[in-house]
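> Next one to model:
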Amino acid sequence: MVRRQPVAPDPNALLAWYDRHRRRLPWRAEPGARADPYRVWLSEIMLQQTTVKAAGPYFLRFLDRFPDVASLAAAPLDEVLKLWAGLGYYSRARNLHACAKAVVENHGGRFPDSEAALLALPGVGPYTAAAIASIAFDRPATVVDGNVERVVSRLFAVEASMPGAKPEIRRLAATLAPASRHGDFAQAMMDLGATICTPRKPACALCPWSGACVAHAEGAPETYPRKAPKAARPTRYGVAFVLERADGEVLLRDRPAKGLLGGMTETPTGRWSEDLDLSAPLASLAADAPLAATWRRTPGVATHVFTHFALELAVLVADAPAGARAPSGARWTPVERLADEALPTVFRKVLAHALGDRLRPRARST
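Okay, here's the model as predicted:
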């Protein structure tokens, strides 16, 4: 098969399409309005490894509680983590707080407008710096997220597999840049990938660049970007302990500040290992329990999937007398206030597994 030579896509055709079909997103400025750098930055941090649908409610809650970078910088980290709970990749929340402080302390509360200065901020990598510079300040920058990678790989039929193809895709993306409207173009590329050039069943008939797309001409756009075989995701096993006092309080503790789920709240748990046998006798599973108690195992396991491994947790529960003291590093929290804790999804699953319907907040009396 003789491959057709790529035809240079017209950036103005994409911008015209964007003017008609742009998505309305809570962080996106209205047509003709100046973008708010704080909203752009906040949304870009939230959208790392997170879908628009999942990030939207969190963005609105953050904006309601922290309407500007100064209010976010002034908040305690624990409050930020609580508001972030459930969104995953919790290092983003810690970096978000650190970045807000840096903007206030080093830049007078105003985000810098160059990629180089943005890159110096905590938690801001090359993609995020380019996105903020382009969208918030209309600087010429090559903004390449997953949607853009898909569009470019199809336009030019990039044969190299991901992630090795990323440098070539970025180089090709830079050739598409318009002479003006840099922020609109960056968002148009994202919208094209999100709504037209989708992973499966792309709507090529509606695409403003279909005539320039090599993959479309070949009749196989869904085969791009090429993907290397996925490595098998290992499974780790562990034990989580849910200890409840007679007065309706549950034992919690904070995880170390660094590492997986750093700084978040957890039910006490032992080590997570690929060779831990969850069918072992109860006494063996309870070896890492936070307190001596009559532990019993709940049926089944609590499961969660992280980026690099799956996790299965046996859930052991026990009762403690009212007024029992918490061990060092732990604390008691009323069941009805668990929803206010900075619990990541995996430990919300553990508590749901152990407490069932009682995990739901109690209705307040009027």
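
> worst-scoring helix or strand of the protein, pLDDT-wise?
Ranked by mean pLDDT, DSSP states H and E, the helix or strand of the chain with the weakest confidence is helix 77-84, at a mean of 92.

> Any chance you could give me it in PDB, C-alpha atoms only?
C-alpha atoms of helix 77-84 as PDB (Å, rounded to 0.1, in the frame of the first residue of the first chain):
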ATOM      1  CA  LEU A  77      -3.500  21.400  53.800                       C
ATOM      2  CA  ASP A  78      -5.800  19.000  55.700                       C
ATOM      3  CA  GLU A  79      -8.800  21.000  54.400                       C
ATOM      4  CA  VAL A  80      -7.500  20.800  50.900                       C
ATOM      5  CA  LEU A  81      -7.000  17.000  51.200                       C
ATOM      6  CA  LYS A  82     -10.500  16.600  52.600                       C
ATOM      7  CA  LEU A  83     -12.000  18.500  49.600                       C
ATOM      8  CA  TRP A  84      -9.900  16.500  47.200                       C
END
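
> What is the subsequent helix or strand relative to that helix?
Of the helices and strands lying after helix 77-84 in sequence (DSSP states H and E), the nearest is helix 91-107.

> What sits closest to Val40 if chain neighbours are left out?
Ala136 (4.3 Å; CB to CB, 6 or more residues apart in numbering). Backbone N, C-alpha and C define where each C-beta goes, glycine included.

> Do a quick rundown of the strands in the stretch 251-366 of the chain.
Assigned by DSSP state E, counting those that start in this stretch, the stretch 251-366 of the chain shows strands spanning 265-266, 296-297, 302-305, 310-320, 330-334.

> Which residues does the least confident helix or strand of the chain contact?
Residues outside helix 77-84 that contact it (CB atoms under 8 Å, 6 or more residues apart in numbering): 58, 61-62, 65, 72, 90, 92-94, 96-97, 263-265, 340-342.

> OK, contacts around the nearest residue to Glu312 once chain neighbours are set aside?
Sequence neighbours aside, Val301 is the residue nearest to Glu312 in space, at 4.6 Å (criterion: CB to CB, 6+ apart). Counting by CB under 8 Å, 6+ apart, Val301 touches 278, 312-315, 353.

> same check, this time on His21
Residues in contact with His21, defined by CB under 8 Å, 6+ apart, are 191, 195.

> so what pLDDT did it get?
We have a pLDDT of 97 for His21.

> for the one 5 residues further on, same thing?
With respect to pLDDT, Pro26 has a value of 95.

> ok, now Thr51?
pLDDT, Thr51: 91.

> cool, and Met1?
Looking at Met1, its pLDDT reads 50.

> how close does Met54 sit to Phe66?
Actually, residue 54 is Ala rather than Met. As for Ala54, its distance to Phe66 is 19 Å (criterion: CB to CB, to the nearest Å).

> Neighbour count: these two, which is higher?
Per other CB atoms under 10 Å, whichever of Ala54 and Phe66 has more neighbours is Phe66, with 22 against 14.

> Let me see the contact set for the spatially closest residue to that one that is not a sequence neighbour.
Excluding its sequence neighbours, the residue lying closest to Phe66 (CB to CB, 6+ apart) is Leu72, at 3.9 Å. By CB under 8 Å, 6+ apart, Leu72 lies in contact with 62, 66, 80, 96-97, 100.

> could I get those residues as TSV with distance to Phe185?
Below are these laid out as TSV (distance: CB to CB, whole Å):
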residue	distance to Phe185
Phe62	27
Phe66	29
Val80	32
Leu96	27
His97	31
Ala100	28
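
> Can you tell me which of those residues is nearest Ser43?
When the contacts of Leu72 are compared for distance to Ser43 (CB to CB), Phe62 wins out at 9.6 Å.

> Now for the closest one: which residues touch it?
Shown in contact with Phe62 (CB under 8 Å, 6+ apart): 42, 46, 72, 83.

> ok, back up a step: in a strand, the residue nearest to Val40, correct?
No: looking at Ala136 with DSSP: H, G, I helix; E, B strand; the rest coil, it is helix, so not inside a strand.

> Was I right to think Ala326 contacts Val250?
No: taking CB atoms under 8 Å as the definition, Ala326 is not a contact partner of Val250, at 10.5 Å.

> Comparing these two, which shows the higher neighbour count?
Comparing Ala326 with Val250 by other CB under 10 Å, the one with more neighbours is Val250, at 24 against 18.

> Bridge partners for that one, pull those for me.
Glu244, Thr333 (DSSP bridges).

> circling back: buried ones among the contacts of Val301?
The neighbour-count test (16 or more other CB atoms under 10 Å) marks 312-315, 353 as buried among those.

> residue ranges with poor pLDDT in the stretch 151-300 of the chain?
Scanning the stretch 151-300 of the chain for pLDDT under 70 picks out no residues.

> if we go to 90?
Along the stretch 151-300 of the chain, the model assigns pLDDT under 90 to residues 228-232, 256-263.

> who touches Leu355 in this structure?
242, 244, 250, 335.

> In a markdown table: those residues, plus distance to Pro26.
Listed next are the contacts of Leu355 as a markdown table, based on distance: CB to CB, whole Å:
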| residue | distance to Pro26 |
| --- | --- |
| Val242 | 36 |
| Glu244 | 38 |
| Val250 | 34 |
| Val335 | 33 |
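
> quick one: which of these is most hemmed in?
Neighbour tally across the contacts of Leu355 (other CB under 10 Å): the maximum, 24 neighbours, falls on Val250.

> from memory that one sits against Arg337, does it?
No: assessed by CB under 8 Å, Val250 is found out of contact with Arg337, at 9.4 Å.

> shared neighbours of these two, anything?
In contact with both Val250 and Arg337: no residue, using CB under 8 Å, 6+ apart.

> related to what we said a few turns ago, looking at the contacts of Phe62, which is nearest Ser161?
Closest approach to Ser161 among the contacts of Phe62 (CB to CB): Met46, at 28.7 Å.
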